[in-house]
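K.L.:
Need coordinates for the following:
(one chain, ligands or ions: 2)
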Amino acid sequence: MSVETRKETLGFQTEVKQLLHLMIHSLYSNKEIFLRELISNASDAADKLRFEALAHPELLEGGDPLKIRVSFDKEARTVTLEDNGIGMSRDEVIAHLGTIARSGTADFLQNLSGDQKKDSQLIGQFGVGFYSAFIVADQVDVYTRRAGAPASAGVHWSSKGEGEFDIADIDQPARGTRIVLHLKAGEEEFADGWRLRNVIKKYSDHIGLPIELPKQQFGEEAQAAEVEWETVNRANALWTCPRSEIKDEEYQEFYKHVAHDFENPLAWSHNKVEGKLEYTSLLYVPGRAPFDLYHREAPKGLKLYVQRVFIMDQADQFLPLYLRFIKGVVDSNDLSLNVSREILQAGPVIDSMKSALTKRVLDMLEKLAKNDPEQYKAFWKAFGQVLKEGPAEDFANKEKIAGLLRFASTSDASGEQSVALADYVGRMPEGQDKIYFLTGESYAQVKNSPHLEVFRKKGIEVLLLTDRIDEWLMSHLTEFDGKQLVDVARGDLDLGKLDSEEDKKAQEEVAKAKEGLIERLKGALGEQVAEVRVSHRLTDSPAILAIGEQDLGLQMRQILEASGQKVPESKPIFEINPQHPLIEKLDTEADEERFADLSHILFDQAALAAGDSLKDPAAYVQRLNKLLVELSA
Ligand code: ADP
Ligand code: MG
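P.N.:
Numbers count the residues shown, from 1 in each chain. Ligands and ions are numbered 1, 2, ... in the order given. Presented below is the predicted three-dimensional model:
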C-alpha cells in the first residue's frame, strides 16, 4: 500500500450526482455496457498518448506497446482495467471524474421526467461514460499517472458513487490508468474470465489496440507474477479492415465508441479513397439528436487520424455545418502528422476532402430515404431542421439537399413532414409548372389559411411550412427540378396555365367593376396597406393579406424582432373577394363611417387569419362591438 498525501474529499458537481442516480437506476437492464465505456476511455487515452508522443517521444517512456488489460479477482469481487495511455494529473482527475463540462447538461437533466423508462431512453442522447462503472460497482478506485510526469505525481481517486469522492497523491511508477471496480453484491458474474471475454468480444472487438485477459483456465487462481496474457479482440482499427470483413454489429459498436452514443446508428458509409488523395472515411448517421444539437459549443465534427494515428476529436473542417450531426472517422494519408487545427482551416486537400465527404453523406441519406423510408422518417424527425440549413450554406449541393427535404402538405392530413419535392412534382397535374407552398406559425394555422382556398377549389397541392427556419430556407431555395417554388401568400398570385383564358378575362372584368370600391377602401385604410386589389385566391373568405414580393414574411420578421434587430417596415397587400356577401354589402354601404369601420374589421380579421397580431386590438374590439350592437338593435 503506497502512502497517500494531500488527501481530500470533494463533492461531485450536482449534475454528476443526478446522472449517477439516473444511470444506476435506469440502465440496470443493460449493465454490461460499463465495460465497453471503460475500454472506450482506455482506447481514447492510448490515442491521446500516441498523438502527444508525436511531438514528445519521451512520453512513451521507452516502452511497452499500448494495450488494455482486464483482470478479475473472484474472492475480492473486483474487476480491474489497466491501460498505459495518457493518464491524468490530479487536476484532470478532479475535472473529468467530478464534473460534466458539456454545456447544457444542467438543463438537460432538469428536463428528465423521473419516469425511468423514458429517462433511460433520454440518457442515450447524452452518452454514459465513466460513471457507468457505478451500475455494477459500489466502490470505484482509480489510480492514474499522467505520461511524462514523475512517479510521485500519481493520483488515487475513490468513490462510492454517492455524493462525493476522495482524492490523494500517491506514488505510481506505471504510466496510465488502473480502475478497480468493487462489484456490488449480486454482480459477481463479472468477476469471471468467460463473462468478461464475451462482453469484450461483443462490444469492443473493433478497438484498435489489444485488450488482454489473463490466460489461465476458468477458476484457476494465479499469482500476478506468473500471469500470462492473451489478446481477446481483433485489435486493429475497424476502418482499416475491408468492408466485407466487418459485420453490422461491429460497425454499430464502433459507432458507440466514436460517437459516445448509447444507441445504434441509422446508417453508415465506409469508404477507402485512393488516387490523388488517399484517405478512409467511416461516417455514421446517428439514430437521434443529442440534447445539445442546437448549442453552439456542442461537440461536432469527425475524429481525425493521420496514417492511423489519432490526431484530434471534433475536426469540424471536413463537413459543412448543416451536417454537424454526422459522426465518424476520417483517416488521411496526405495530411502531415503534425497538422494543427489552424492548418486544417483551409487548403486544397481539406477542401477536396470536405466536398467528397459531403457528397458521401448526402448519398448515404438518399440511399436511406430510398431503401428504408421508416428509418428516414426517424432521421428526418431528429435532424430535418438542421438539414434545412443546407440550401443556404451549400450552394453546390442545393438540388441534392432539396431532394432530401420533407414537408407537410395539403395532400397528407396527418400534418407530418412526409412529402418530398419529387413526390410533389410527380403529382402535379397538367398545366401546373410551379411548386406552391405556404409558410406560417403552426400547422393548425396554415392548414386553414384562406390562402389555400383557390388551391382547394382547383385541387392543387400546397406544401405547408411551419418550422421557424422555413421562410429563411425558402428564401434560398427558389427552384427544384427546374420548377419555381412559389409562396402562395406572396405577391400577385399567378397560377399560370391553371387559370384558363376565361378565368383570366373574368378576373379582369371583376377588377374593373370594383375599381370604385377599391378606391374607397384605399381611402379608408390609408397608410396601413401597400395596395388594395381584387383577389383571385379566395372562394370562402371575404378578404386576405398578401405579402409584397420583396418583403420579409411574418416568420422572419418575428425572428428578427425577437433577436432585437430593427426590421424594415413593410405593409401588406389587402385583397378582397368580390363574390363574398360582406364585400358586396360593403360596396353598397353609403354611410362613410360604417364603411370605414367595416373595412378596418375586414383588414384586422385578415391579419388575424394570417397569424399576425393586431396593432390596435382595442380598436378592433370596439368596432366589432359597435356592429354587433347595431345588429341586435
Ligand atoms: P467521454 O469519454 O465521453 O469524454 P467519460 O465519462 O467516459 O466521457 O470520461 C470522462 C473523461 O475522463 C474522459 O474524457 C477522459 O478525459 C477522462 N478519462 C476517463 N478514463 C480515462 C483513462 N482510462 N485514461 C485517461 N483519461 C480518462
Ligand atoms: Mg468515454
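
K.L.:
any idea how far residue 327 is from residue 287?
P.N.:
Distance, residue 327 to residue 287, by C-beta to C-beta, to the nearest Å: 11 Å. For the C-beta atoms, the positions are set from N, CA and C on the backbone; glycine is no exception.

K.L.:
which one of those two has more residues nearby?
P.N.:
For residue 327 versus residue 287, the count of surrounding residues by other C-beta atoms under 10 Å is larger for residue 327: 24 against 20.

K.L.:
pretty sure the more buried one contacts residue 286?
P.N.:
Yes: because the distance of 6.0 Å satisfies C-beta atoms under 8 Å, residue 327 is recorded as touching residue 286.

K.L.:
any common contacting residues for these two?
P.N.:
255, 259, 261, 265 (C-beta atoms under 8 Å, 6 or more residues apart in numbering).

K.L.:
Quick one: which of those has the lowest pLDDT value?
P.N.:
Least confident entry in these, by pLDDT: residue 261, with 87.

K.L.:
who's in contact with the closest residue to residue 131 other than its chain neighbours?
P.N.:
Distances taken as C-beta to C-beta, 6 or more residues apart in numbering put residue 20 closest to residue 131, at 5.4 Å, once the chain neighbours are dropped. Residue 20 sits next to 12, 131, 134, 161 when contact means C-beta under 8 Å, 6+ apart.

K.L.:
Now neighbour count, distance to ligand 2 and pLDDT too, for those, in TSV please.
P.N.:
As requested, the contacts of residue 20 are exported to TSV (neighbours: other C-beta atoms under 10 Å; distance: C-beta to the ion, whole Å; pLDDT from 0 to 100):
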residue	neighbour count	distance to ligand 2	pLDDT
12	21	17	94
131	21	10	92
134	23	14	95
161	22	16	93
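
K.L.:
residues contacting the closest residue to ligand 1 within the stretch 251-400 of the chain?
P.N.:
With C-beta to the nearest ligand atom as the measure, residue 260 is the residue of the stretch 251-400 of the chain nearest to ligand 1, at 4.2 Å. By C-beta under 8 Å, 6+ apart, the residues touching residue 260 are 40, 127, 129.

K.L.:
Could you report the separation of the last one from residue 43?
P.N.:
What it means is residue 129. Residue 129 is 13 Å from residue 43, by C-beta to C-beta.

K.L.:
For these two, indicate the residue with more neighbours.
P.N.:
More crowded of residue 129 and residue 43, by other C-beta under 10 Å: residue 43, with 23 against 19.

K.L.:
Write out the residues of the chain neighbouring ligand 2.
P.N.:
40-41, 129 (C-beta under 5 Å from the ion).

K.L.:
Quick check: nearest residue in space to whichever residue of the stretch 451-600 of the chain sits closest to ligand 2, chain neighbours excluded?
P.N.:
Distance from ligand 2 to each residue of the stretch 451-600 of the chain (C-beta to the ion) is smallest for residue 469, at 32.6 Å. Once flanking residues are discounted, residue 469 sits nearest to residue 388: 5.1 Å by C-beta to C-beta, 6+ apart.

K.L.:
Assess the claim that the one you found and residue 468 are in contact.
P.N.:
No: taking C-beta under 8 Å as the definition, residue 388 is not a contact partner of residue 468, at 9.8 Å.

K.L.:
neighbour-wise, which of those two wins?
P.N.:
residue 388 (25 against 15).

K.L.:
quick one: the more buried one from residue 311, how far?
P.N.:
Counting by C-beta to C-beta - residue 388 and residue 311 are separated by 32 Å.

K.L.:
Check residue 31 too.
P.N.:
34 Å.

K.L.:
So between those two, which is more surrounded?
P.N.:
With neighbours defined as other C-beta under 10 Å, residue 31 and residue 311 compare such that residue 311 has more, 25 against 16.

K.L.:
and this protein, which of its residues are near ligand 1?
P.N.:
37, 41-42, 45, 83, 85-88, 96-97, 127, 129-130, 177, 260 (C-beta under 6 Å from any ligand atom).

K.L.:
For ligand 1, state which of these is nearest.
P.N.:
residue 129 (2.5 Å).

K.L.:
contacting residues for the residue nearest to the closest one when sequence neighbours are not counted?
P.N.:
Excluding its sequence neighbours, the residue lying closest to residue 129 (C-beta to C-beta, 6+ apart) is residue 37, at 5.6 Å. For residue 37, the contacting residues are 128-130, 132-133, by C-beta under 8 Å, 6+ apart.

K.L.:
please redo it, this time with the cut-off set to 7 Å
P.N.:
128-130, 132 (C-beta atoms under 7 Å, 6 or more residues apart in numbering).
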